[in-house]
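1. Got a sequence here, can you model it:
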Amino acid sequence: MESFKLVVSGDDSAPMGGTDLIEFLWFFHKAYAGYAAAVENGQLYMMMNEDLESSGVRAIRSIEPDHFDALVFDSERERRYEFKIQSINKNSPFEMVLVGMPIALTAAVILSGGKVKVKGVEFELPPIGKGILALRKAFGLPPKDY
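-> You can find the predicted model right below:
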């Protein structure tokens, strides 16, 4: 497991809603866990001309489809494929240092509409609301108004 810095862009003058942060972390973790499970179970592969986002969507939707639901919290499964939060900094901009499986963190970042900066391995995420919308789309869920 390695540690990586995630930087969330957004409006620094507006306070971040607690429910938005919780919902974002919920879906972000689901994307991470689904991708980590796909890697562990040997179900991760990319089709010809497929990008990481498409591969990630397919992977998280194919993992135990009867048991993998973005809206259900299965504590045993969540702990098995869990990233750790090493630190959080709410100073401008909001930053988190996460410890986890690099490819699964990368997939979760891309599925949330983020970007990967290879130099120093830093992840740049969109504002929380946009990230939630992107992750809901990846899970095949309808968008919510934010």
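
2. hey, let's count contacts and neighbours off CA atoms from now on
-> Will do.

3. Phe83 against Phe28, yeah?
-> No - counting by Cα atoms under 8 Å, Phe83 does not reach Phe28; the two are 10.2 Å apart.

4. Low-confidence bits of this protein, can you list those?
-> Low-confidence segments of the chain, defined by pLDDT under 70, are located at 11-13, 43-50, 52-53, 56, 59-73, 119-120, 145-146.

5. can you pull out the helices in it?
-> Under the criterion DSSP state H, helices of the chain are mapped to 18-40, 52-62, 75-80, 102-111, 128-138.

6. Let me know how buried Arg80 is, in neighbour terms.
-> Applying other Cα atoms under 10 Å, we find 11 residues neighbouring Arg80.

7. measure it to Leu133 for me?
-> Here the distance between Arg80 and Leu133 works out to 26 Å (Cα to Cα, to the nearest Å).

8. next one: Thr106
-> When distance is defined by Cα to Cα, Thr106 is 18 Å away from Leu133.

9. Please apply the same query to Lys117.
-> When distances are taken as Cα to Cα, Lys117 and Leu133 turn out to be 22 Å apart.

10. out of these two, which sits in the more crowded spot?
-> For Lys117 versus Leu133, neighbours defined as other Cα under 10 Å are more numerous around Leu133 (21 against 10).

11. so the more buried one makes contact with Pro143?
-> Yes - the pair Leu133 and Pro143 qualifies as a contact (Cα under 8 Å) at a distance of 5.9 Å.

12. What's opposite the residue lying closest to Lys115 once chain neighbours are set aside in the beta bridge?
-> Leaving aside its sequence neighbours, Lys115 sits nearest to Glu124 (Cα to Cα, 6 or more residues apart in numbering; 5.1 Å). Residues in a beta bridge with Glu124, per DSSP bridges, are Val7, Lys115.
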